[in-house]
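Novice: Could you work out the structure for the sequence below:
(one chain, ligands or ions: 1)
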Amino acid sequence: MTDWQALERAYFMSSLYTKVRLPVTLVRGEGVRVWDDQGKSYLDFVAGWAVANLGHCPPVVIEAVSKQVATLIQVSNQFFTIPQVHLAMLLAQHSCADRAFFANSGAEANEGAIKLARRYGARKRDGAYEIITAFNSFHGRTLATTAATGQRHFQDPYEPLVPGFVHVPYNDIDAIKSATNEKTCAVLLEPLQGEGGVITPDSDYLSRVAEWCSEQNVLFMLDEIQTGMGRLGTLWGYQSFGAEPDVMTLAKGLASGVPIGALLAKEHAAVFAAGEHGTTFGGNPLACAAGLATLQYMVENDVPGNAARMGEYLRGRLRELKERHSDVSDVRGMGLLCALEFEREVAADAVRRCLAAGLLVNGVKPNTLRFMPPLVITEADVDEAIGILERVLIEMD
Ligand code: PLP
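Specialist: Residues are numbered from 1 along each chain as shown. Sure, this is the predicted structure:
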């Protein structure tokens, strides 16, 4: 049998993924499960980093992509194409935004938001260009989104950073007020910090930030790349907090794994002029057909409602584990973005033991596991995952 892992070590760019690569080669996925090249199956509570929200290879997406791939994959954005318009319309109908721009990834959607904020500052706020973001945030790996990200370890290798970002503590409205001045054009936040360890803000934080931004004529921008597409139990994270953004970004679950990013804005914030932004692949018919099928299915079948119910159930079962295992110090999250925190830094060990036992989970921090399964999971799937986790906790006790 081919040793794909040895071949990767020979041909892939040095050690970029050595911190996260696990010794398994995945070859197939269906629903909540994936299979490796030895035929072993895994219950997937990582879902390709919160991407496979409808499960792996959902039939509606297979059908839409198969049809589109045989019809038209890519043309230049000099031409009108139908799936792109259709997806923009559907996103506007189901969100607070009026207009869309499509990119190819989350970081690229955020790059677009950062550029849009600078154009907003130039046009509507006397040349303001600074963006307030939060410590412990994650907004992507391009140069500007690395500067926006509020975690030093992502930034240190890439000094000098793109200027124009001011970081403040998350969940602290007064810090945003103090940091706002005549140079501020936008505030960019995650509705809930996913990569930062599943940190939920106070229920009124986002609405107070929205109010402040509106008073100051500063754009309120939400990075919904991880929290959007049903993950928090509502179609968009902001709906769980009753705070509408002027601008929001999407990627991950939007097209079920076909690469896509989206920048959405309310009319007053959609200030790009012709030629000020663009991309070759962004909004191509293939990605947009996958996005359309995903969003339509999600809305018609109330997938976010299932995420809300299964999230409650999962956290309930995790709290039972906490009662039985003194090493577990916290259970938190919203919808199907949940975390289990330990007293000790055992997450990497737990991830490997779960993997061996047939469950994929993510060690988001050295002492914290993150769970972000497909939003279509059932109670039986949760029970199976909890059974494996409990056996692993007993082994580690
Ligand atoms: N923003 C948030 C909140 C994310 O969680 C991520 C990825 O994890 C990104 C941006 C970057 O998205 P991508 O990896 O598609 O560039």
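Novice: roughly how far apart are the residue nearest to residue 392 when sequence neighbours are not counted and residue 394?
Specialist: Counting by CB to CB, 6 or more residues apart in numbering, residue 392 lies nearest to residue 353, which is 4.4 Å off, once chain neighbours are set aside. C-betas here are computed from N, CA, C, even on glycine. In this view, residue 353 and residue 394 are 10 Å apart by CB to CB, to the nearest Å.
Novice: what's near enough to touch the closest residue to the ligand within the stretch 51-200 of the chain?
Specialist: Here the stretch 51-200 of the chain gets closest to the ligand at one residue, residue 106, 2.2 Å apart by CB to the nearest ligand atom. Residue 106 makes contacts with 140, 223, 225, 249-252, 261, as judged by CB atoms under 8 Å, 6 or more residues apart in numbering.
Novice: Check the residue nearest to residue 392 and give its pLDDT.
Specialist: Each residue has a pLDDT score; the one for residue 353 is 98.
Novice: again, but for residue 15
Specialist: Looking at residue 15, its pLDDT is 65.
Novice: Neighbours of residue 380, how many?
Specialist: Residues within reach of residue 380, counting by other CB atoms under 10 Å, total 9.
Novice: need the contact list for it.
Specialist: Counting by CB under 8 Å, 6+ apart, residue 380 touches no other residue.
Novice: How about the secondary structure of it?
Specialist: Per DSSP: H, G, I helix; E, B strand; the rest coil, the secondary structure class of residue 380 is helix.
Novice: returning to that earlier point: show me which of residue 353 and residue 394 is the more surrounded one.
Specialist: More crowded of residue 353 and residue 394, by other CB under 10 Å: residue 353, with 19 against 10.
Novice: any idea how far the ligand is from the more buried one?
Specialist: Between residue 353 and the ligand the distance is 24 Å, computed by CB to the nearest ligand atom, to the nearest Å.
Novice: now stretch 285-300, how far from the chain's geometric center?
Specialist: For stretch 285-300, the gap between its own C-alpha mean and the chain's C-alpha mean amounts to 17 Å (CA atoms, centre = their mean, to the nearest Å).
Novice: do stretch 292-305 as well
Specialist: The offset between the C-alpha centroid of stretch 292-305 and the centroid of the whole chain comes to 17 Å, using CA atoms, centre = their mean.
Novice: quick one: contacts for the closest residue to the residue of the stretch 51-200 of the chain closest to the ligand other than its chain neighbours?
Specialist: Sequence neighbours aside, residue 251 is the residue nearest to residue 106 in space, at 3.5 Å (criterion: CB to CB, 6+ apart). Under the criterion of CB under 8 Å, 6+ apart, the neighbours of residue 251 are 103, 105-106, 108-109, 225, 260-262.
Novice: try residue 118
Specialist: Contact criterion CB under 8 Å, 6+ apart gives 129, 164, 185 as the residues in contact with residue 118.
Novice: What does residue 284 show for phi and psi?
Specialist: When read as degrees, to the nearest 10, the backbone of residue 284 gives phi -70, psi 160.
Novice: how many neighbours does it have?
Specialist: Look at residue 284: counted by other CB under 10 Å, it has 25 neighbours.
Novice: likewise residue 174?
Specialist: Residues lying near residue 174 (other CB under 10 Å) number 11.
Novice: Ok, residue 67 next?
Specialist: Neighbour number of residue 67 under other CB under 10 Å is 11.
Novice: Over to residue 195?
Specialist: Residue 195 - counted by other CB under 10 Å - has 22 other residues nearby.
Novice: pLDDT value on it, please?
Specialist: Residue 195 carries a pLDDT value of 97.
Novice: How about the one 5 residues further on?
Specialist: Each residue has a pLDDT score; the one for residue 200 is 98.
Novice: ok, now which ones touch it?
Specialist: Residue 200 makes contacts with 192, 332-334, as judged by CB under 8 Å, 6+ apart.
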